[in-house]
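Novice: Quick one: sequence plus predicted model below, questions after.
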Amino acid sequence: MKNRTILLVEDNPQDEILTMRALKKINLVNEVDVARDGQQALDYLFGEGEFAARDASEMPAVVLLDIGLPRLSGLEVLERLRAEERTRLLPVVILTSSDDERDRLKSYENGCNSFVRKPVEFAEFAETVARLGIYWLATNEPPPGK
């Protein structure tokens, strides 16, 4: 099987560093691409804007998506992904510090595959991210043809 990427959509540099450190700690060999706002995430996934040269038919194994993003919120990104045929089944995990129940409900209504609150403590955060990486890259079986 081809080594697939993870798309991390995160605007907080500290959370990005912690996520990358957690994935490195479990010896994840998959590439992790980072988008720092909602529009950049869509450009990456659809091969537009600064990512026009990227092969948009190559989708990441999973998108780790924050909710509170500049330009377009994570919920707006998720809504757009589910509206497009080529990204409708793309696994999306909401990885957020939001504890607002409306965010969780809206995330599931818009078709997220999982909703995970970021723990504040680094060790717990690292363990959570490691479990996500292992699950979505090693355990989960994607839809046929994906």
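Specialist: Yep, that arrived.
Novice: switch to C-alpha atoms for all contacts and neighbour counts from now on
Specialist: Will do.
Novice: Spit out the contact partners of Lys106.
Specialist: By Cα atoms under 8 Å, 6 or more residues apart in numbering, the contact set of Lys106 is Leu75.
Novice: Show me the helices in the protein, by range?
Specialist: Taking DSSP state H, the helices of the chain run over residues 13-25, 38-46, 74-83, 101-109, 122-134.
Novice: can you count the residues close to the nearest residue to Phe122 once chain neighbours are set aside?
Specialist: Nearest non-adjacent residue to Phe122, counting by Cα to Cα, 6 or more residues apart in numbering: Leu18, 7.5 Å away. For Leu18, the tally of surrounding residues (other Cα atoms under 10 Å) stands at 16.
Novice: what's the distance between the residue nearest to Ser98 when sequence neighbours are not counted and Phe46?
Specialist: Nearest residue to Ser98 in three dimensions, chain neighbours excluded: Arg117, at 6.7 Å (Cα to Cα, 6+ apart). Distance, Arg117 to Phe46, using Cα to Cα, to the nearest Å: 27 Å.
Novice: Comparing the two, which residue is more hemmed in?
Specialist: Ranked by neighbour count (other Cα under 10 Å), Arg117 and Phe46 place Phe46 first, with 21 against 15.
Novice: Quick check: pLDDT value at the closest residue to that one other than its chain neighbours.
Specialist: The shortest distance from Phe46 to any non-neighbouring residue, by Cα to Cα, 6+ apart, is to Ala56 (5.4 Å). Per-residue confidence (pLDDT) for Ala56: 91.
Novice: try Leu23
Specialist: Here the pLDDT value assigned to Leu23 is 81.
Novice: does it really touch Val129, like I thought?
Specialist: Yes: if you go by Cα atoms under 8 Å, Leu23 and Val129 touch, sitting 6.8 Å apart.
Novice: which residues sit in contact with Pro119?
Specialist: 97, 125.
Novice: Any idea what the residue nearest the centre of the chain is bridged to?
Specialist: Nearest to the geometric centre of the chain sits Leu64, at 1.8 Å (Cα atoms, centre = their mean). Per DSSP bridges, the residues bridged to Leu64 are Leu8, Val93.
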